[in-house]
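[1] Generate a structure from the sequence data that follows.
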Amino acid sequence: MCEPPLSAKLCRDEHGGAVLWLIGSGASLLEGDELLISVALRDGARLAVRSVAAQLVHPCPDGGWGRLHIEAEVDHGASLWWAPEPTIVAGDAGFRADATVALAGGASLRWREELVLGRTAEDPASIRLDVATAVDADGSPCWRDGLASHPGWLGPAVLGPARYLGTELRLGPGCGPLDAAPSPGDPRTDGWLALAGGGAVRRVLDTEPADGRVRLGCR
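    Numbers count the residues shown, from 1 in each chain. Sure, this is the predicted structure:
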């Protein structure tokens, strides 16, 4: 079920795989908007989630927040490739987002998140941000990540001058860098960090979103 300001269309890619396209059908995210995206993959299912355009979080005249909730459940043998276009948080906007992913044993996940702080010439310091991602694999915590606009978040210990933050997480069989130990200079694994509970993650910070997307491997 889909309701404006977000619609969805299920298609097939050139290899016959299922692709769910997220389509903006109205202005969003605006002050007071609260969007929920829920995806459940049953045994053996394979799905890629994309979007036709970036998501813009608009400034809120009354100082409110736009909110996005994402829930994903991936059963045994299923595979989810989550890679919508970036979320752009405009200057003076407030954005809260949380994503929770539950993987059964034998499930696979590629999870890409891209965040752009401000449009051209906008000051990231004017943005209010509170985002978090939690991934559990076979009932155990695997990945916890988040970013909030507390004091010092734009300092050298966190983002520094970067306006672009891109992250890709890979878990489960057949996910590329997981099949080889990270090794500096190896194009298969360069820039990837192994996770203690299995899997790998790659993070890119950049002052220019276009350059950051290239470094993350977006096409």
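
[2] what residue lies at the spatial centre of this protein?
    Centre of the chain computed as the mean C-alpha position; nearest residue by CA atoms, centre = their mean is residue 113, 2.1 Å away.

[3] The helix or strand of the chain with the lowest mean pLDDT: partners in the sheet, and parallel or antiparallel?
    Counting by mean pLDDT, DSSP states H and E, the weakest-scoring helix or strand in the chain turns out to be strand 193-194, with a mean of 88. Sheet pairing for strand 193-194, assigned by DSSP bridges, gives strand 200-206 (antiparallel).

[4] next one: the following helix or strand past the partner strand to chain centre, how far?
    For strand 200-206, the succeeding helix or strand toward the C-terminus, using DSSP states H and E, is helix 209-216. Shown here is helix 209-216, whose average C-alpha point lies 14 Å from the average C-alpha point of the whole chain (CA atoms, centre = their mean, to the nearest Å).

[5] Contacts for helix 209-216 next, please.
    For helix 209-216, contacts defined as CB atoms under 8 Å, 6 or more residues apart in numbering pick out 86, 112, 114, 116, 162-166, 168, 202, 204-206. Heads up, the C-betas are built off the backbone N, CA and C, glycines and all.

[6] quick one: low-confidence ranges for the protein?
    Along the chain, the model assigns pLDDT under 70 to residues 1, 175-190, 219.
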